[in-house]
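K.L.:
Return atomic coordinates for the entry below.
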Amino acid sequence: MDFDALKGQAEKLLDEHGDKIEDGAEKVGEIVKERFGHEEQVDAVVAKIKDFVPDQPAT
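P.N.:
I've put the predicted structure just below:
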């Protein structure tokens, strides 16, 4: 398996669809908090996910 190619594809997806990934992480985070609580831990995980997504240019 070519991990460099896989990494490149993941970075491309993050660049192209970062806004959707961030929105999805927020929605999943809210669902998890409603069901299980642990707000601080969930918020920390969502923040880490957002750290992986490059800043999107303003439109």
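K.L.:
which other helices and strands contact the helix ranked longest in the chain?
P.N.:
Looking only at the chain and at elements set by DSSP state H, the helix with the highest residue count is helix 3-36. Using 3 or more Cβ pairs under 8 Å, 6 or more residues apart in numbering; DSSP states H and E as the contact definition, the elements that helix 3-36 packs against are helix 39-52. Bear in mind the C-beta positions are built from the backbone N, C-alpha and C, glycine included.
K.L.:
pLDDT below threshold where in the chain?
P.N.:
Within the chain, the stretches with pLDDT under 70 are 56-59.
K.L.:
Closest to the centroid, which residue in the chain?
P.N.:
Ile49 (3.8 Å; Cα atoms, centre = their mean).
K.L.:
residues in contact with the closest residue in space to that one that isn't next to it in sequence?
P.N.:
Residue nearest to Ile49 in three dimensions, not counting chain neighbours: Ala25, with 4.4 Å by Cβ to Cβ, 6 or more residues apart in numbering. Ala25 sits next to 46, 49-50 when contact means Cβ atoms under 8 Å, 6 or more residues apart in numbering.
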